[in-house]
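Asks: Sequence first, predicted coordinates after that:
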Amino acid sequence: MRTTLHRPGRSRTTALAASLATAGLVLAACGDGGGEETPSEEGEGSEAGASGTITMGFLPSWTDGLSMAYLLENQLEQIGYEVEMETLTEAAPLYTGLANGDVDVYPSAWPEVTHADYMEEYGDRIEDLGAYYDNAVLTIAVPEYVDIDSMAELADNADRFGDRIVGIEPGAGLTGVTQDSMMPAYGLEDWELVTSSTAAMLSELQSAVEDEEDIVVTLWRPFWAYSEFPMKDLEDPEGAMGDPEALHFLGTEGFAEEFPEAAEWIGQVKLTDEQYGSLEDMVVNEYGEGNEAEAVEAWLEANPDVLPELPAAR
């Protein structure tokens, strides 16, 4: 199982939420206004259209964000912006960094349902730059060889699954929905929701599939795991996992004013299931870790008319 990492020297990993809230942390794209009288050498985003540095914040293990971050990097650099990658391990510090201006763009957010709590807390300091995909869903899934089809059947088959659901990061919106909504709705209060990381979940899923063992995992669509493993979503008659939602580009407050050309272009990006699926599959599976930029270039070559036209670079 591949674990998505980043090219050395092109990204910095932030492990603690507190680091983004530290007063002394100021990234290149997010000055506090102190440079208004003396523009930087590379220029500031402004109404005059000057380029600048845009910091992209995402979780590498959440491969929708990984794929879209590298797609935006490719395109925004062609316009003339410099793009810095800021990788994190949890959603909470990402939203904190976005609200504080330490991160400029979250390239694949789930603000309508999955991350609604974060938006309630930070939304007044975040700009919605547009949605690129409109049918994202949270799921509870089992391998196709498991002979149950509904979440309502889990309680009666507890012994088969060891009274456990294998989840992802404890701070993920998917984790909260599973624990607070799905498990009570289907009488699974005594079950354990195992949380650690997306990579750990995928590793355990891979082992179970190889041995054809019973396992229940938290998943979501769109996600490349569906092309890697023979999975099926369990029916959700109670609607406990929530409605489908759109995947959005979110910017820090003032982003569109500081980077108007980037904001206008980002807001026009729309991908279908097939287009998004081919992008993620190419980034994660065909090219793999360390080759994300090359994967995006290959995808763009194969899909030359999918993205909106770029404004002229300076």
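Replies: Cool, the structure landed.
Asks: Beyond the longest strand along the chain, next helix or strand please.
Replies: Across the chain, the strand with the greatest residue count (assigned by DSSP state E) is strand 126-143. Using DSSP states H and E, the helix or strand that follows strand 126-143 in sequence is helix 158-161.
Asks: Convert that following helix to CSV, retaining C-alpha atoms only.
Replies: Listed next in CSV are the C-alpha coordinates belonging to helix 158-161 (Å, rounded to 0.1, in the frame of the first residue of the first chain):
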residue,chain,number,x,y,z
ALA,A,158,-20.9,-8.3,15.8
ASP,A,159,-18.8,-11.4,16.4
ARG,A,160,-17.8,-11.6,12.8
PHE,A,161,-16.3,-8.1,12.9
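Asks: Okay, helices next: where are they in the stretch 101-250 of the chain?
Replies: With DSSP state H, counting those that start in this stretch applied, the stretch 101-250 of the chain shows helices at 116-122, 158-161, 173-177, 183-185, 198-210, 225-228, listed in chain order.
Asks: winner for burial among the ones you listed?
Replies: The highest mean neighbour count among the helices of the stretch 101-250 of the chain, using mean count of other CB atoms under 10 Å, belongs to helix 173-177: a mean of 20. C-beta here means a position set from N, CA and C on the backbone, and glycine is covered the same way.
Asks: which element is the most centrally placed residue in the chain on?
Replies: When the chain is reduced to its mean C-alpha position, the closest residue under CA atoms, centre = their mean turns out to be residue 65, at 3.2 Å. Element membership of residue 65 [criterion: DSSP H and E] is helix 63-79.
Asks: Compute the inter-axis angle for the following helix or strand past that helix and helix 63-79.
Replies: Scanning forward in sequence from helix 63-79, with DSSP H and E defining helices and strands, the next element found is strand 82-88. Interaxial angle, strand 82-88 versus helix 63-79 (axes from the mean of the first three to the mean of the last three CA atoms, to 10 degrees): 160 degrees.
Asks: now the next helix-or-strand element following strand 82-88 against strand 126-143, angle please.
Replies: Beyond strand 82-88 in the direction of the C-terminus, DSSP H and E gives the next helix or strand as helix 91-100. Computed with the same axes, to 10 degrees, the direction of helix 91-100 lies at 170 degrees from that of strand 126-143.
Asks: Next, the angle from the helix holding residue 65 to helix 198-210.
Replies: Going by the same axes, to 10 degrees, helix 63-79 makes 130 degrees with helix 198-210.
Asks: Centre of the chain to helix 63-79, how far?
Replies: Centroid separation between helix 63-79 and its chain, computed with CA atoms, centre = their mean, to the nearest Å, is 12 Å.
Asks: for it, what is the average pLDDT?
Replies: Helix 63-79 shows a mean pLDDT of 96 in the predicted model.
Asks: what do you get for stretch 121-132?
Replies: Averaged across stretch 121-132, pLDDT comes to 97.
Asks: Not counting its own residues, what contacts it?
Replies: Contacts of stretch 121-132 from elsewhere in the structure, counted by CB atoms under 8 Å, 6 or more residues apart in numbering, are 68, 95-96, 98-100, 105, 108, 111, 119, 246-256, 263, 266-271, 276.
Asks: what's the spacing between the nearest residue to residue 214 once chain neighbours are set aside and residue 128?
Replies: Taking CB to CB, 6 or more residues apart in numbering as the measure, residue 214 lies nearest to residue 160, with 4.6 Å between them; neighbours along the chain are not counted. Separation of residue 160 from residue 128 (CB to CB, to the nearest Å): 43 Å.
Asks: re the thing from before, might you report the residue contacts of the residue nearest to the centre of the chain?
Replies: With contact taken as CB under 8 Å, 6+ apart, residue 65 is in contact with 58, 59, 106, 107, 108.
Asks: Near residue 156, how many other residues are there?
Replies: 10 (other CB atoms under 10 Å).
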